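*Asks:* Quick one, what's the 3D model for this:
(one chain, ligands or ions: 2)
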Amino acid sequence: METVAVLGGGKIGEALLGGLVAAGRAPGELLVVEAVATRAAELGERYGIGAVDAAEAARRADVLVVAVKPGDVPAALDQVHDVLAGRRPDGDRPTVVSLAAGIPTASLEARLPADTAVVRVMPNTPMLVGRAMCVLSPGAAAGEVELALTEGLLAAVGRTVRVPESQQDLATALSGSGPAYVFLLAEAMIDAGVALGMPRATATELVTATVEGAGGLLTTPGSDGREGVAPHPGLLREAVTSPGGTTAAALGTLEAEGLRTALARAVAAARDRSVALGRQDG
Ligand SMILES: NC(=O)C1=CN([C@@H]2O[C@H](COP(=O)(O)OP(=O)(O)OC[C@H]3O[C@@H](n4cnc5c(N)ncnc54)[C@H](OP(=O)(O)O)[C@@H]3O)[C@@H](O)[C@H]2O)C=CC1
Ligand SMILES: O=C(O)[C@@H]1CCC=N1
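*Replies:* Residues are numbered from 1 along each chain as shown. Ligands and ions are numbered 1, 2, ... in the order given. Down below sits the predicted model:
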């Protein structure tokens, strides 16, 4: 298998590395470059992954993953530039896979040796448990071979979809940041249960199982009574909503409080922030 080196062993770097190990990848094929030494040691203890410096990662990697904060991307690429320049672009040089929100492939390519294959990916943290949604767009020098290599790697930790790069900022707002919206919803439901008198442990068990079960219905073909098409959230919601019942009372309150509008604005704010992060680069 190919050697995967990850620049940045933070939240998403760990989700990828931990997810790959859980999916059966040999830790010896995985490398991490991490600025914080204690963090690198933690990843070594947790997953058996070796920490190396940027130059060694650039020498050994078949896939070089950029998982530092968007503002740190230029410096991280500068650290690997010269070693990458010494490797031939026709198959020897690693594919550079960027997970950084907002940073266009053109900006990445401008800081890398000419003709480096770059794939921009927006993953999400469920990668750690093999349930990622990874959204891919190729850069100018990335062809089918590099895209398939990246998809093959990420398929081990969840689902992949290709989109035109013009949709990457919106993908970031939906699936990249999306888990946080669901966690906030879960947290708020648990707190509401506690406020109304249920022990926190019980409320947590009820709500987490409910989120998991609802996710299962959303992703199970035929769950809304129709065959051959993806389940529709509206139909699944209708099936919960008995006439004159409890769900209708709750949904009426959520609509009156503007939940849909709040979510629409939140997604637009995340999309706009992703665009702004790309403009701040370099
Ligand atoms: N968290 C998420 O859910 C998602 C994150 N992303 C993207 O992933 C990237 C990382 O995000 P996240 O994991 O949350 O951030 P973190 O801050 O948790 O992780 C980044 C890590 O990289 C370290 N670092 C910084 N510069 C370098 C360098 N040159 N070489 C090696 N390590 C370095 C940081 O150290 P220090 O703290 O000292 O800076 C930090 O430990 C971002 O670009 C983000 O947009 C994409 C999708 C989802
Ligand atoms: O919050 C962020 O900027 C990153 C990108 C998507 C999820 N986390």
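
*Asks:* how about the nearest residue to the residue in the chain positioned nearest to ligand 2, chain neighbours excluded?
*Replies:* Residue of the chain nearest ligand 2, by Cβ to the nearest ligand atom: G176 (3.3 Å). C-beta coordinates here come from the backbone N, C-alpha and C atoms, glycine included. Leaving aside its sequence neighbours, G176 sits nearest to M122 (Cβ to Cβ, 6 or more residues apart in numbering; 4.5 Å).

*Asks:* pretty sure that neighbour contacts L99?
*Replies:* Yes: M122 lies in contact with L99 (Cβ atoms under 8 Å); the separation is 7.2 Å.

*Asks:* okay, the two: which has more neighbours?
*Replies:* Applying other Cβ atoms under 10 Å to M122 and L99 shows that M122 carries more neighbours, namely 29 against 25.

*Asks:* In contact with that one, which residues?
*Replies:* Contact partners of M122, counting by Cβ atoms under 8 Å, 6 or more residues apart in numbering, are L99, A101, C134, V135, Q168, A171, T172, S175, G176.

*Asks:* neighbours around the last one, how many?
*Replies:* I take that to be G176. Close neighbours of G176, defined as other Cβ under 10 Å, add up to 25.

*Asks:* and it, backbone torsions?
*Replies:* Taking degrees, to the nearest 10, you get phi -70, psi -50 for the backbone angles of G176.

*Asks:* And the third one, by the same measure?
*Replies:* Backbone torsions of C134, given as degrees, to the nearest 10, read phi -110, psi 130.

*Asks:* And for the fourth one?
*Replies:* V135 adopts backbone torsions of phi -110, psi 120, taken as degrees, to the nearest 10.

*Asks:* So what pairs up with it in the strands?
*Replies:* Per DSSP bridges, the residues bridged to V135 are M122, V161.

*Asks:* ok, now how distant is V157 from ligand 1?
*Replies:* 13 Å (Cβ to the nearest ligand atom, to the nearest Å).

*Asks:* Would you check that that residue makes contact with L16?
*Replies:* Yes: the criterion here is Cβ under 8 Å, and V157 meets it with L16 at 6.7 Å.

*Asks:* Next, show the common contact partners of the two.
*Replies:* With Cβ under 8 Å, 6+ apart as the test, V157 and L16 both reach M127.

*Asks:* Need the pLDDT of G282.
*Replies:* Note for G282: predicted pLDDT of 41.

*Asks:* Repeat that for M1.
*Replies:* For M1, the predicted pLDDT is 85.

*Asks:* ok, how many other residues are close to it?
*Replies:* By other Cβ under 10 Å, 13 other residues sit near M1.

*Asks:* Leaving out sequence neighbours, find the closest residue to it.
*Replies:* Using Cβ to Cβ, 6+ apart and skipping residues adjacent in sequence, the residue nearest M1 is E29, 5.3 Å away.

*Asks:* Quick one: residues contacting the one you found.
*Replies:* M1, E2, T3, V4.
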